[in-house]
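Asks: Give me the fold of what follows.
(one chain, ligands or ions: 2)
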Amino acid sequence: MSEYLPGLEGVPATRSNISFIDGEKGILAYRGYPIEQLAAHSNFEETTLLLLDGQLPSSDELEQFDSQLRRNRRVKYNIREMMKHLPKNGHPMEMLQTALASLGMFYPSNECMVGSDLCEDLDYIHNMTVKIIARMPVIVTMWAHIRSGYDPVEPRPDLSYAENFLYMYTGAEPDPELARILDTCLILHAEHTINASTFAALVAGSTLASPYGVIAAAIGTLSGPLHGGANEKVVHMLHEIGSPENVSRWLDRKLASKEKIWGMGHREYKVKDPRATILQGLMEKLAESRGGRVSPLLETALALEDAAEARLGPKGVYANVDFYSGILYAEMGIRTDQFTPIFAVARAAGWLAHWREQLADNRIFRPTQVYTGETGREFVPIDQR
Ligand SMILES: CC(=O)SCCNC(=O)CCNC(=O)[C@H](O)C(C)(C)COP(=O)(O)OP(=O)(O)OC[C@H]1O[C@@H](n2cnc3c(N)ncnc32)[C@H](O)[C@@H]1OP(=O)(O)O
Ligand SMILES: O=C([O-])CC(=O)C(=O)O
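Replies: Ligands and ions are numbered 1, 2, ... in the order given. Down below sits the predicted model:
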């Protein structure tokens with residue numbers, strides 16, 4: 001029997017040519033392009049097409065995809081109505097998972113099972129990819145209004161993906177600088193090899209579940225605080241610390257009681273996550289453009305990162321992508337519980353790229369276990385126990 005490795009550490013679960021990580025050197029590349037270049041020169045729409053198709057698109061290809069996304073922003077009336085009946089104080093990740101799973105009822109995938117057990121309907125796969133990517137941010141921003149008892153802001157087809165998100169979220173004309181920052185955040189969060197939520201997507205996809213079932217499984221998996229949910233925890237943690245002077249004592253106490261420092265540590269990276277470095281730069285640039293006003297959250301975060309590096313660095317524990325993203329979103333006026341939904345909006349690109357890659361050569365995931373339970377027991381009737 002093969003060795004059991006908790007958390008499947010180091011166990012390859014698939015072959016993929018979508019993204020690459022060198023965790024010792026802090027390298028991340030999508031389809032061979034370094035994340036730093038994509039963050040500096042691409043936009044979310046283009047990066048998504050790169051992830052889906054494997055190549056940087058021509059301007060015609062990009063324009064066509066972008067216009068499909070813009071035309072598919074409207075969310076069905078029934079889904080809006082359903083959202084109005086969800087608990088207003090429920091977590092937006094649960095709302096998002098519910099809405100995505102419900103959308104699947106309108107687009108059944110059964111018709112695309114052509115004779116064999118593989119989904120060969122490329123039009124269905126493409127159309128559903130567009131619908132999911134186009135509608136996820138719309139659902140997230142609609143919820144921001146619906147849960148406060150207001151009508152959602154209607155999407156605008158003249159705005160880019162990131163601009164439309166900000167417009168629908170605030171109801172105001174999007175600030176170009178904030179839109180560019182959000183666009184970069186979306187690029188940084190779009191893909192990351194076989195992380196837990198992408199693995200969940202692959203497991204669901206391997207049963208030939210519909211793309212909506214696949215994305216709903218991935219959203220549920222991303223929501224946990226050990227994964228995408230950590231960005232929200234980081235901001236609560238920084239509020240709890242309060243100010244840079246408190247960092248050292250706070251950290252001693254947490255480490256002594258073996259508690260987690262949110263936004264730190266990674267299964268793959270043994271150095272600082274390259275996405276955290278880019279996000280930190282964005283945060284500093286935003287502060288500069290606001291006359292050098294550094295947010296108290298950022299000041300505390302910088303002090304915590306320094307102190308934690310000294311204590312946890314020897315274990316290879318450094319800031320991950322979730323460490324700075326929440327601070328940036330908070331500075332952009334986004335509510336804390338919307339941070340992970342924004343992550344999900346971006347990661348839909350990676351989830352769908354992996355789902356499509358796997359469909360082309362699918363085999364159901366069915367690992368084994370090491371049984372540690374009892375054997376050979378005799379059933380005892382209830383009145384004799
Ligand atoms: C988008 C993302 O998903 S990025 C990750 C977001 N998650 C977080 O930020 C939550 C905090 N971090 C963690 O819980 C972990 O680092 C994970 C879940 C990301 C990775 O977990 P694993 O790969 O299983 O790491 P593991 O738990 O084995 O940690 C190795 C060592 O580093 C320590 N460590 C790892 N992360 C942390 C942390 N955040 N705070 C304190 N110590 C930590 C562990 O206690 C362990 O120490 P030990 O060897 O003395 O027992
Ligand atoms: O790769 C991981 O395990 C977690 C992560 O950083 C991501 O999904 O972006």
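Asks: Kindly report the residues of the protein close to ligand 1.
Replies: 7, 195, 226-228, 230, 260-267, 312, 315, 317, 320-322 (Cβ under 6 Å from any ligand atom). Where you see a C-beta, it was placed from the backbone N, CA and C, and this is true even at glycine.
Asks: Distance of Ala319 relative to ligand 2?
Replies: Using Cβ to the nearest ligand atom, to the nearest Å, we find Ala319 at a distance of 11 Å from ligand 2.
Asks: Just the closest residue of the stretch 1-150 of the chain to ligand 1, please.
Replies: Gly7 (5.3 Å; Cβ to the nearest ligand atom).
Asks: and that residue, what is it in contact with?
Replies: Arg267 (Cβ atoms under 8 Å, 6 or more residues apart in numbering).
Asks: how would you label it: helix, strand or coil?
Replies: Here Gly7 is recorded as helix under DSSP: H, G, I helix; E, B strand; the rest coil.
Asks: Could you check how far it is from Gln369?
Replies: 14 Å (Cβ to Cβ, to the nearest Å).
Asks: So for Asp117, what pLDDT did the model give?
Replies: For Asp117, the pLDDT comes out at 48.
Asks: Let me see the ranges of the helices in the stretch 101-250 of the chain.
Replies: 122-146, 161-170, 176-189, 196-206, 211-222, 230-241, 247-256 (DSSP state H, counting those that start in this stretch).
Asks: Can you work out which other helices and strands pack against the last one?
Replies: Yep, that's helix 247-256 we're talking about. Packing partners of helix 247-256 (3 or more Cβ pairs under 8 Å, 6 or more residues apart in numbering; DSSP states H and E): helix 230-241, helix 296-312.
Asks: Quick one: closest of the helices of the stretch 101-250 of the chain to Ala39.
Replies: helix 176-189 (5.2 Å; Cβ to Cβ).
Asks: Any buried residues in that closest one, and which?
Replies: For helix 176-189, burial by neighbour count (16 or more other Cβ atoms under 10 Å) applies to Leu178, Ala179, Arg180, Ile181, Leu182, Asp183, Thr184, Cys185, Leu186, Ile187, Leu188, His189.
Asks: For that helix, the averaged confidence score.
Replies: Rounded mean pLDDT across helix 176-189 is 97.
Asks: give me every residue that touches the residue nearest to Tyr161 when sequence neighbours are not counted.
Replies: The shortest distance from Tyr161 to any non-neighbouring residue, by Cβ to Cβ, 6 or more residues apart in numbering, is to Phe44 (5.1 Å). Taking Cβ under 8 Å, 6+ apart as the criterion, Phe44 is in contact with Tyr161, Ala162, Asp183, Leu186, Ile187, Ala190, Ala346, Ala349.
Asks: Now do Phe44, the pLDDT please.
Replies: pLDDT at Phe44 comes out at 98.
Asks: Same check on the one 4 residues further on?
Replies: Thr48 is assigned a predicted lDDT (pLDDT) of 98.
Asks: Tell me who's in contact with it.
Replies: Applying Cβ under 8 Å, 6+ apart, the residues contacting Thr48 are Phe65, Ile133, Ala190, Ala349.
Asks: Name the helix or strand for Gln64, please.
Replies: helix 59-71 (DSSP states H and E).
Asks: counting contacts, what elements does that helix pack onto?
Replies: helix 44-53, helix 122-146.
Asks: Select, out of these, the one closest to ligand 2.
Replies: Nearest of these (Cβ to the nearest ligand atom): helix 44-53, 13.2 Å.
Asks: Which positions in the helix holding Gln64 come out as buried?
Replies: For helix 59-71, by 16+ other Cβ under 10 Å, it's Leu62, Phe65, Asp66, Gln68, Leu69, Arg70.
Asks: Please apply the same query to stretch 249-265.
Replies: Of the residues in stretch 249-265, those buried (16+ other Cβ under 10 Å) are Trp250, Leu251, Lys254, Ile261, Trp262, Gly263, Met264, Gly265.
Asks: do stretch 288-296 as well
Replies: Per 16+ other Cβ under 10 Å, stretch 288-296 contains these buried residues: Ser295.
Asks: Touching it from outside, list them.
Replies: Glu177, Ser243, Ala287, Ile327, Ala330, Glu331.
Asks: Show only the entries of these found in strands.
Replies: Among the contacts of stretch 288-296, no residue falls in strands (DSSP state E).
Asks: what's the closest of the residues you listed to ligand 2?
Replies: Distances from ligand 2 to those, taken by Cβ to the nearest ligand atom, are shortest for Ile327, at 16.8 Å.
Asks: Figure out how far the helix holding Gln64 is from the centre of its chain.
Replies: 23 Å (Cα atoms, centre = their mean, to the nearest Å).
Asks: The helix or strand following that helix relative to helix 122-146, how many degrees between them?
Replies: Downstream of helix 59-71, the first helix or strand assigned by DSSP H and E is helix 77-84. Relative orientation of helix 77-84 and helix 122-146, computed by axes from the mean of the first three to the mean of the last three Cα atoms, to 10 degrees: 40 degrees.
Asks: That'll do, ta.
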